[in-house]
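Undergrad: Turn this into a structure:
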Amino acid sequence: GPEVGYHDDLESYFCERIKRNLHLVIVFDISSPNFTYIVNENPSLSHHCSIIQLDNLSLESMYEIPMLCFQSLAPDLHCFFSSKSLPSLLVKLFSSVSEFIQSPNSFLVYLRIFSKLYLQQISLTEDQLVRLNVGICKIGEASQNVSSLRSQAAYQQNLLSAKQKEAFLSLQLITESMEKASGKKIEMETLSHSQIEERHKLENRKRSIESKLADIMPLVEQSRNSVSSIKPESIAELRALRAPPDVIRDILEGMLRLMNVQDTSWNNMKSFLSRRGIKDDICHFNVRSISIKVRSAVEEFIESKKHSFDPAVAKRASVAAAPLANWIISTLRYSSVLESIQPLEDERLHLSNNLNISEKKIEKLSVALFDLDREVSSLKGRFEQYTDEAAKLKLDVYKTQNLLNSAENLVHKLDLERVRWTDKQVSLETKKIHLLSRSLLSASYVSFLGDVEEPERLSMINNWRSIIDFQEDFSILSFLSDENQHLTWRHQGLLFDDLSIGNAIILQNTNLSPLIIDPNGNASYWLQNHLNGKKKMEVVY
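TA: From the prediction side, this is the model:
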């Protein structure tokens with residue numbers, strides 16, 4: 001406080017700051033019975049506040065208030081309520097009643113009642129239309145179901161014929177498949193016998209080939225082992241010769257010519273001997289690569305140089321020469337034997353190929369037989385299935401026909417109900433079109449006619465009809481209540497006349513706590529039964 005030049009106590013300083021910086025607007029309804037009491041109990045309102053008294057709303061405010069009211073009361077329908085014609089109608093209807101009740105609060109209550117009634121009725125109408133549409137659709141579905149039953153009965157009859165035909169075809173297919181299986185079995189037996197004979201021939205050819213090779217193969221193996229046992233020093237000695245003896249030259253030339261090497265010069269011979277793994281190349285030489293022409297030429301060469309290929313002569317010439325000469329001779333003999341057994345080899349290969357082909361055919365036939373057996377089994381099962389289905393279909397046709405007769409009788413009765421529901425639907429659509437006008441009249445009735453006698457009520461309603469240009473034959477009592485409610489109210493003690501029913505409707509829909517003048521006690525008796533302790537009611541005598 002002292003910092004800003006204020007020297008009283010802290011509480012006074014706080015109150016002074018509130019008065020200066022906090023501004024409140026308090027709105028009172030002067031027609032409220034509590035207004036005088038509130039003002040007397042709070043003298044500061046008159047001593048420290050600026051008072052602005054507003055008995056009536058301006059026309060501009062009355063046009064704006066509905067928009068603000070509907071925005072808070074019915075935001076989903078605010079766009080619809082914001083139509084320029086609606087505020088005008090509301091203001092005209094409100095202005096048509098006695099000035100005594102034209103207070104701002106009465107206008108707000110009127111707007112709330114209108115909003116509530118409209119939303120209730122539009123919701124009720126939409127709900128009834130939905131239920132009617134569902135009911136009409138269900139009747140349509142029932143008619144479609146009857147048509148479906150007719151089609152189903154015809155379909156089942158056709159299906160029965162088809163199943164019988166399929167059963168007959170399945171029986172034919174079973175017979176054909178069994179005949180095919182029998183033919184496959186005969187073919188398999190023929191191939192099996194043929195295989196036995198060809199295997200016997202193949203074994204004979206193998207034995208012939210092995211007997212022809214039995215004499216030569218030991219010699220070939222011996223010559224290869226001799227070549228393998230040649231020491232590297234012996235081969236090196238041969239390479240070191242500048243002018244080799246004729247024996248060595250003839251043996252090496254025979255070897256090169258046997259291997260189909262055309263260059264038989266000494267330099268090429270030394271190069272051949274210098275190759276790494278020369279002994280392995282000689283031992284694993286492919287004898288089958290020797291052609292008849294090469295073999296004949298080498299044989300003639302050896303014959304002409306017979307002396308050089310003599311084992312004793314070759315051994316005296318060099319330790320390595322004798323094994324090489326022996327290998328050349330045994331290789332030539334092995335090549336001759338291979339040529340002589342080539343027809344047997346070809347025949348053996350042919351027999352082996354035939355056996356493979358036969359085995360594949362037998363394998364295919366086995367698979368085909370398995371498939372045929374499975375197919376026959378499937379066809380038998382299908383035949384039994386078709387027979388069972390045909391028996392069931394006969395029973396289904398009988399049941400469907402009985403159901404169809406019952407359904408046709410029911411749909412005939414429902415058609416009459418559908419006509420009544422369609423008329424009701426048209427009536428509700430018409431009601432929906434005029435719902436705004438009906439809600440305006442009903443809200444005006446509830447808001448302004450509670451203390452008006454019946455003749456004057458009819459006069460004011462007719463006046464309101466002219467204001468909103470609505471001359472449709474319309475009953476507010478039927479719009480805001482139904483016969484079931486009327487019967488309930490009558491059972492609770494309400495007099496069964498239009499004025500009493502109208503007053504009950506007003507009590508049901510008003511937002512205010514009404515003052516009821518009831519000299520006969522009829523209204524009090526009804527209210528006590530109707531409310532049944534749910535709301536407070538005060539009776540003053």
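Undergrad: any idea which helix is longest in the chain?
TA: Ranked by residue count, the top helix of the chain under DSSP state H comes out as helix 104-228.
Undergrad: from the middle of its chain, how far away would that one be?
TA: Its chain's average C-alpha position is 21 Å from that of helix 104-228, according to CA atoms, centre = their mean, to the nearest Å.
Undergrad: now the next helix or strand after that helix: how far from the chain's centre is it?
TA: Per DSSP states H and E, the first helix or strand lying C-terminal to helix 104-228 is helix 232-240. Relative to its chain's centre, helix 232-240 lies at 85 Å (CA atoms, centre = their mean).
Undergrad: Check which helices and strands helix 232-240 is in contact with.
TA: helix 266-274 (3 or more CB pairs under 8 Å, 6 or more residues apart in numbering; DSSP states H and E). Placement of C-beta: from N, CA and C, glycine included.
Undergrad: Can you list the helices and strands that the helix it packs on packs against?
TA: Short answer (3+ CB pairs under 8 Å, 6+ apart): helix 266-274 packs on helix 232-240, helix 246-258.
Undergrad: mean confidence for it?
TA: For helix 266-274, the mean per-residue pLDDT is 81.
Undergrad: and it with helix 232-240, angle?
TA: Here helix 266-274 runs at an angle of 160 degrees relative to helix 232-240 (axes from the mean of the first three to the mean of the last three CA atoms, to 10 degrees).
Undergrad: If you count neighbours, what's buried in helix 266-274?
TA: By neighbour count on 16 or more other CB atoms under 10 Å, the buried set for helix 266-274 is 269, 270, 272.
Undergrad: Verify the contact between the first one and residue 253 for me.
TA: In other words, residue 269. Yes: using CB atoms under 8 Å, residue 269 makes contact with residue 253 at a distance of 7.5 Å.
Undergrad: Which parts of the stretch 401-541 of the chain are helices?
TA: Per DSSP state H, counting those that start in this stretch, the stretch 401-541 of the chain carries helices over the ranges 435-448, 454-468, 476-480, 483-491, 498-509, 522-531.
Undergrad: same deal with the stretch 251-400 of the chain?
TA: Here the stretch 251-400 of the chain has its helices, by DSSP H, counting those that start in this stretch, at 266-274, 278-283, 292-304, 311-317, 321-433.
Undergrad: Count the residues that sit near residue 484.
TA: 8 (other CB atoms under 10 Å).
Undergrad: where's the residue nearest the centre of the chain relative to residue 106, distance?
TA: Among the residues of the chain, residue 141 comes closest to the average C-alpha position under CA atoms, centre = their mean, at 28.4 Å. Separation of residue 141 from residue 106 (CB to CB, to the nearest Å): 52 Å.
Undergrad: same question, residue 479
TA: Going from residue 479 to residue 106 by CB to CB gives 22 Å.
Undergrad: same check, this time on residue 63
TA: 17 Å.
Undergrad: Comparing these two, which residue is more hemmed in?
TA: Neighbour totals were compared for residue 63 and residue 106, and residue 106 leads with 18 against 15 (other CB under 10 Å).
Undergrad: most packed of the helices and strands packed on helix 266-274?
TA: Neighbour counts (mean count of other CB atoms under 10 Å) averaged over each of these peak at helix 246-258, with a mean of 22.
Undergrad: Any chance of the helices and strands packed on helix 266-274 in CSV with distance to residue 285 and mean pLDDT as columns?
TA: Shown next, in CSV, are these (distance: least, CB to CB, whole Å; pLDDT from 0 to 100):
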stretch, distance to residue 285, mean pLDDT
helix 232-240, 16, 78
helix 246-258, 8, 81
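Undergrad: and of those, who's closest to residue 178?
TA: Smallest distance to residue 178 across the helices and strands packed on helix 266-274 (CB to CB): 65.9 Å, for helix 246-258.
Undergrad: Hey, what's the angle from that closest one to helix 232-240? Just curious.
TA: 100 degrees.
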